[in-house]
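Let's see this in three dimensions:
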Amino acid sequence: MSTLIASPPVTDPRADSGARMRVVAWGAGIATFTLLYAPQGVLTQIAVDFGLASSNASWVVAAATFGLAASVIPWALLSDRIGRHRALQIALLLAAALAVAGPLLPGFAGLIVGRVLLGAALGGIPALAITYLHEAAAPQRSAALAAAYVAATTTGGLIGRLAVTPLAEAFGWRMSLLVVGSVAAVLCGSLALLLPRTPIRREPLARSIRLLARQSRSTTAWPLYAIGALAIGVLVAVYNSVVFRLEAAPYELAPGVVSLVFLCYLGGSLASRLSSAASRAMGPRWTFAVAGAAIAAGIAVTLLGALWFVVAGIALLTMGVSLAHATASGTVPRVAGEGRQHAVALYSVVYYVGASVFGVLGASAFAIGGWPALAIGVGAVAVCITALGSLAARN
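Prediction:
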């Protein structure tokens, strides 16, 4: 059977080496989120260059997540026809090309168009990655690999944000995005070669649509979808806004110093890795309760004013968000039954719509009412995550 790029055949993909699958999980997560969120580190420079308010500059991030959300279902349906392995290869190669081309498009409109297209290409990775890992790995390893992928997404977000800021100070924000995009493109191309094959289970389009419709009516899954959307929305809103807060009075920090706040993502990566063990030990209800408490406590600490309180609070909030997301995304495939791929795709759609909508709403709240207004919204979201976690556990 032909494939887009030849990969070493695997007689039983579930017998493939654990090390290779870990590389795929980590590489996919890092590449996707490096490209998706790298511009967050240079939002203030973009705002100054184009004369934008902070809420308008946040569309550079939101455009990519909107493009990603819109493409998830088409990628899932395509993978039903050509297989997860080949669809992932196509997504990785398209993302590699657009990562290099996008930063070269002129003007703010060109930048937004490039980000939408990049998001649409990247949509194939989160849409398919977790289901692919469940298909390619042994059942006892699949949950840990899914958690590793989520941990890699937080690491990728950190790498992208940290890398662009010093490059932007030296060469400008556009060149910094081009350099980071080029490195991520090499990683995407390498992963396309490395992906182990999985059996192609072709589904008729009509059946795929029926399964998608059935999953969209699942009362078990929707609380999990909502948790993912709220969690990522909080994270995007806070990190979109904190760069403007710390570069303004009374802190007036240089962009390179402000970028160090993104090191808080390391706590998120740790929380993601621990999510599987936490869920087994406490059950989903208490895991989501802990996540909600961490988000609420984290945003409250940032209101104390001193710089180290701001950083510590964001670190705690990031851990809570990552714990909630990793637990929800890891639970969806296990409760989906038939049509697991479609449930994961729906989770991704709602998740990235949440990133776009709540990211922009949070930036708008910050622009209108400052950090306290944003903090009130985040606190409300933390309560919702806890309540939805209890509902999901009952279902």
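
could you dump stretch 106-115 to CSV, C-alpha only?
C-alpha atoms of stretch 106-115 as CSV (Å, rounded to 0.1, in the frame of the first residue of the first chain):
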residue,chain,number,x,y,z
PRO,A,106,3.0,41.6,4.1
GLY,A,107,0.8,43.8,6.4
PHE,A,108,-1.4,42.9,9.3
ALA,A,109,-4.0,41.4,7.0
GLY,A,110,-1.4,39.2,5.4
LEU,A,111,-0.1,38.1,8.8
ILE,A,112,-3.7,37.1,9.9
VAL,A,113,-4.3,35.2,6.6
GLY,A,114,-1.0,33.3,7.1
ARG,A,115,-1.9,32.5,10.7
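
and S329, what does it touch?
I130, A146, V150, L224, G228, V344, Y347, Y351 (CB atoms under 8 Å, 6 or more residues apart in numbering). All C-beta atoms are positioned from the backbone trio N, CA, C, and that covers glycine.

If we use 7 Å, what do you get?
I130, A146, V150, G228, Y347 (CB atoms under 7 Å, 6 or more residues apart in numbering).

quick one: it from A249, how far?
39 Å (CB to CB, to the nearest Å).

Could you do I295 as well?
Distance from I295 to A249, by CB to CB: 27 Å.

Also E338?
For E338, the distance to A249 - CB to CB - is 57 Å.

Name the residue in these two with the higher neighbour count.
E338 (10 against 6; other CB atoms under 10 Å).

For that one, what is the enclosing helix or strand?
Here E338 is covered by no helix or strand, with elements defined by DSSP states H and E.

swap in the one 3 residues further on?
Secondary structure from DSSP H and E places Q341 in helix 340-394.

How about L304?
Counting by DSSP H and E, L304 is part of no helix or strand.

same question, W75
Going by DSSP H and E, W75 is part of helix 59-82.

Toward the C-terminus from that helix, list the very next helix or strand.
Downstream of helix 59-82 (by DSSP H and E), the next one is helix 84-101.

Now find how far off-centre stretch 249-258 is within its chain.
26 Å (CA atoms, centre = their mean, to the nearest Å).

Could you do stretch 255-270 as well?
On the basis of CA atoms, centre = their mean, stretch 255-270 sits 16 Å off its chain's mean C-alpha point.

Could you do stretch 357-364 as well?
Using CA atoms, centre = their mean, the offset of stretch 357-364 from its chain centre is 16 Å.

which residues sit against that stretch?
Against stretch 357-364 from outside (CB under 7 Å, 6+ apart): 54-55, 58-59, 61-62, 233-234, 236-238, 240-241, 374, 377.

Ok, stretch 318-326 next?
Under CB under 7 Å, 6+ apart, the answer for stretch 318-326 is 147, 150, 154, 227-228, 231-232, 234-235, 264-265, 267-268, 271-272, 275, 278, 287-288, 290-292, 294-295, 298, 385.

Next step: these restricted to strands.
Among the contacts of stretch 318-326, no member is found in strands (DSSP state E).

So which of these sit within helices?
Among those, DSSP state H puts 147, 150, 154, 227-228, 231-232, 234-235, 265, 267-268, 271-272, 275, 278, 287-288, 290-292, 294-295, 298, 385 in helices.

neighbours of L304, just the number please.
Per other CB under 10 Å, the neighbour tally for L304 reads 11.

actually M282, not the one I wrote
14.

which parts of the helix or strand that contains it are buried?
For M282, the element it lies in under DSSP H and E is helix 265-302. Buried residues in helix 265-302, counted by 16 or more other CB atoms under 10 Å: 265, 267-276, 278-279, 284-285, 287-292, 294-296, 298-302.
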